[in-house]
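Trainee: The amino acid sequence is not available; the structure is as follows:
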């Protein structure tokens, strides 16, 4: 049985891995999935230090960090940061380490299914669902919803549902959406899952 290590940004991503990714990979590949919490403040230097420690203990190591909160990224694009992670981790094996940074933040996954989100948040009014759906269509997908403090996915959700709590509500909403729904609605996330599957 193979082992998959996932360096995660914080407690929300940790819960997401436990509730959504672990059951999926366990059923698909009989893989042991172990998330390791970075407790926030993710930068290339900190992440590389963590990844190097994990590489010796797992068949495949990957990451789940938010682009929005990534420290010291400057004007770099998400793909450039992922390449920087790979170089900094000094990983020479093609499939052993798969860097992944979620654009623009974890809430892109939560946002991708307006009905599941609204149902979980106790909304029975189609107004919120239609508003979220309109934003997704306007931007060309949940993963393309803005990277700014005012318009990032988490703030859009909190504007509609002030009681939204990232750790409390996010992973269960993703559970309701399911891996199939997440992969269909979030192409970049799907590419990451495909890379992991092909490496295990």
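Mentor: Sure thing, it's come through. Not measured: the values here are computed from a predicted model.
Trainee: just checking, what packs against the least confident helix or strand in the chain by mean pLDDT?
Mentor: Least confident element among the helices and strands of the chain, by mean pLDDT, DSSP states H and E: helix 22-29 (a mean of 90). Judged by 3 or more C-beta pairs under 8 Å, 6 or more residues apart in numbering; DSSP states H and E, the packing partners of helix 22-29 are strand 32-37, helix 187-199. Every residue, glycine included, has its C-beta placed from N, CA and C.
Trainee: the longest helix in the chain is where?
Mentor: helix 166-185 (DSSP state H).
Trainee: between that helix and helix 187-199, how many degrees?
Mentor: 80 degrees (axes from the mean of the first three to the mean of the last three C-alpha atoms, to 10 degrees).
Trainee: In helix 166-185, which residues are buried?
Mentor: 166, 169-175, 177, 179, 182-183, 185 (16 or more other C-beta atoms under 10 Å).
Trainee: And this structure, split by domain according to the record?
Mentor: 3-105+186-199, 107-175 (automatic domain parsing).
Trainee: can you tell me how far the closest residue to residue 86 other than its chain neighbours sits from residue 143?
Mentor: Nearest non-adjacent residue to residue 86, counting by C-beta to C-beta, 6 or more residues apart in numbering: residue 99, 5.3 Å away. Distance, residue 99 to residue 143, by C-beta to C-beta, to the nearest Å: 17 Å.
Trainee: who has more neighbours, these two?
Mentor: residue 99 (26 against 22; other C-beta atoms under 10 Å).
Trainee: Model confidence score at residue 94, please.
Mentor: Note for residue 94: predicted pLDDT of 56.
Trainee: if we can go back for a sec, switch the buried residues of helix 166-185 over to TSV; also include distance to residue 149 and pLDDT.
Mentor: Putting the buried residues of helix 166-185 into TSV (distance: C-beta to C-beta, whole Å; pLDDT from 0 to 100) gives the following:
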residue	distance to residue 149	pLDDT
166	15	95
169	20	97
170	19	97
171	23	98
172	25	97
173	22	98
174	23	98
175	28	97
177	25	98
179	30	98
182	25	98
183	29	98
185	24	98
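Trainee: which residues does the residue lying farthest from the centre of the chain contact?
Mentor: Largest separation from the mean C-alpha position in the chain: residue 125, at 27.9 Å (C-alpha atoms, centre = their mean). For residue 125, the contact set (C-beta atoms under 8 Å, 6 or more residues apart in numbering) is empty.
Trainee: How about the backbone phi and psi for residue 15?
Mentor: phi -70, psi -40 (degrees, to the nearest 10).
Trainee: who's in contact with it?
Mentor: So residue 15 contacts 167, 170, 171 (C-beta under 8 Å, 6+ apart).
Trainee: swap the cut-off to 7 Å and go again
Mentor: 167, 171 (C-beta atoms under 7 Å, 6 or more residues apart in numbering).
Trainee: For residue 24, see how far away it is.
Mentor: For residue 15 relative to residue 24 (C-beta to C-beta), the value is 14 Å.
Trainee: This structure: strands as residue ranges?
Mentor: 3-8, 32-37, 60-66, 97-98, 101-102 (DSSP state E).
Trainee: Done for today, thanks.
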